[in-house]
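Undergrad: model this:
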Amino acid sequence: MAPNIPCKKSRTSCVFLVLLSSVLCIVTTSAELQRFEHPTKEDGSLSFLVLGDWGRRGEFNQSEVAFQMGRVGEKLDIDLVVSTGDNFYDNGLSSEHDTAFEESFTKIYTQKSLLKQWYSILGNHDYRGDAEAQLSPLLRKIDSRWLCLRSFIVDAELADILFVDTTPFVNMYFTSTEDHTYDWRGIPSRKAYIQTLLKDVELALKMSSAKWKIVVGHHAIRSIGHHGDTQELIKHLLPILQANDVDFYMNGHDHCLEHISDIKSGIQFLTSGAGSKAWRGDMKNEEGLNKQGQRVNFFYDGQGFMSVQLNPTRAEIAFYDVFGNVIHSWTTSKLLHLIM
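TA: A predicted model of the protein is given here:
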């Protein structure tokens, strides 16, 4: 809707101004991702948990992981939870009335510390069902914690968390003869969708003045797990992240926990896709990845999750197993620039 502009000039001038304001409104909003503000703590810090590939009605240790998340979440006084996709197995939700939503989410993550806002994106398994059901406002009425969109930004003051819909990038979902169908109703033109999304991501990162820049996608950019690297993301998304000083890329898809460093740019690739069923012993060639300018710091092929603690000068990442034990941690610091 065009803004209401007071006008004392001629009718022609008024019409021109209204049309101009409409055009300006379209120009300024058409290339912007929806943004949600999330406050930090009073001391300016932010903490959250990251979980992926989880929704199995409590099975495959999903309930055990959820219990430990609640315990760690209370200890860290978390502010929110990030879901990296594949929220409901095996084939997403059948509709917005699917009981799997409550049986795999509401009735599983019940501890007090997890009763915070959950920010979620779609994974490839979610696209196998009614993808738009997970985007429906009706689910937020069932459980107000739930917020799932294709791509969006969480503005958490000291951190911008940019969620990117990575499934449409992957060629095999459009060309494979495997016995799966995907819900592409919201993506009438794949090429146009990807081009617009990449422009939106680049613009958002360039304009960001946040101390920490975080990008979340379902598919790994770098991984030594079952699926390995996602070549389409290496080609199209990674150069944008490298050019815009992104600190962390967080993903699921591989059912494991990983920490891989991009030596050239400093991006940390963090996989947290172990929310339920894990793939024991399924690991690709670590030496091959190390030769590509990456450094594998940690790989774990069991269930678990990740925590992130941020303040203006320090970030601490920790990975936990199904028993709540810290099995890998890593910290980094940034200089605090003071204006004199």
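Undergrad: show me which positions of the helix or strand where residue 239 lies end up buried.
TA: For residue 239, the host element (DSSP states H and E) is helix 238-243. Judged by neighbour count using 16 or more other C-beta atoms under 10 Å, the buried positions of helix 238-243 are 238, 240-241. Using the backbone N, CA and C atoms, a C-beta is placed for each residue, glycine as well.
Undergrad: what's it packed up against?
TA: When contacts are defined as 3 or more C-beta pairs under 8 Å, 6 or more residues apart in numbering; DSSP states H and E, helix 238-243 packs onto helix 190-207.
Undergrad: again, only using 10 Å
TA: Packing contacts for helix 238-243, counted by 3 or more C-beta pairs under 10 Å, 6 or more residues apart in numbering; DSSP states H and E, involve strand 159-164, helix 190-207, strand 212-217, strand 248-251, strand 257-262.
Undergrad: next one: the most centrally placed residue in the chain from residue 112, what distance?
TA: Per C-alpha atoms, centre = their mean, the C-alpha nearest to the average position across the chain is that of residue 216, at 3.1 Å. For residue 216, the distance to residue 112 equals 25 Å [C-beta to C-beta, to the nearest Å].
Undergrad: my read is that residue 330 contacts residue 258, right?
TA: No - here residue 330 lies out of contact with residue 258, judged by C-beta atoms under 10 Å, at a distance of 11.8 Å.
Undergrad: can you list residues touching both of these two?
TA: 270, 297-298, 319 (C-beta atoms under 10 Å, 6 or more residues apart in numbering).
Undergrad: looking at the residues you listed, spot the one nearest residue 140.
TA: residue 270 (27.2 Å; C-beta to C-beta).
Undergrad: I'd guessed the closest one sits against residue 298; true?
TA: Yes - using C-beta under 10 Å, residue 270 is in contact with residue 298, at 9.4 Å.
Undergrad: now do the shared contacts for the two.
TA: Applying C-beta under 10 Å, 6+ apart, one finds that residue 270 and residue 298 are jointly contacted by 257-260, 317, 319, 330.
Undergrad: which among those residues count as buried?
TA: Counted by 16+ other C-beta under 10 Å, these give 257-260, 317, 319 as buried.
Undergrad: rounded mean pLDDT for the helix holding residue 239, please.
TA: For helix 238-243, mean pLDDT is 97.
Undergrad: how far off centre is that helix?
TA: 17 Å (C-alpha atoms, centre = their mean, to the nearest Å).
Undergrad: so where do the strands sit in the stretch 51-200 of the chain?
TA: 80-83, 117-120, 146-148, 152-155, 159-164 (DSSP state E, counting those that start in this stretch).
Undergrad: and the helices in the chain?
TA: Ranges of helices in the chain, per DSSP state H, are 11-29, 62-76, 100-101, 124-127, 131-134, 137-142, 172-175, 190-207, 231-236, 238-243, 286-290.
Undergrad: so which of those helices is the most surrounded?
TA: Mean neighbour count (mean count of other C-beta atoms under 10 Å) peaks for helix 124-127 among those, with a mean of 24.
Undergrad: residues contacting that helix, please?
TA: The contact list for helix 124-127 (C-beta under 10 Å, 6+ apart) reads 53, 55, 85-93, 120, 133-135, 148, 165-168, 170, 172-173, 180-184, 186-187, 218-219, 227, 253.
Undergrad: do stretch 186-202 as well
TA: Here stretch 186-202 makes contact (C-beta under 10 Å, 6+ apart) with 30-33, 122, 127, 131-132, 135, 150-153, 162, 164-169, 171, 173-174, 184, 215, 217, 232, 236-237, 239-241, 243-244, 246.
Undergrad: noted, bye for now.
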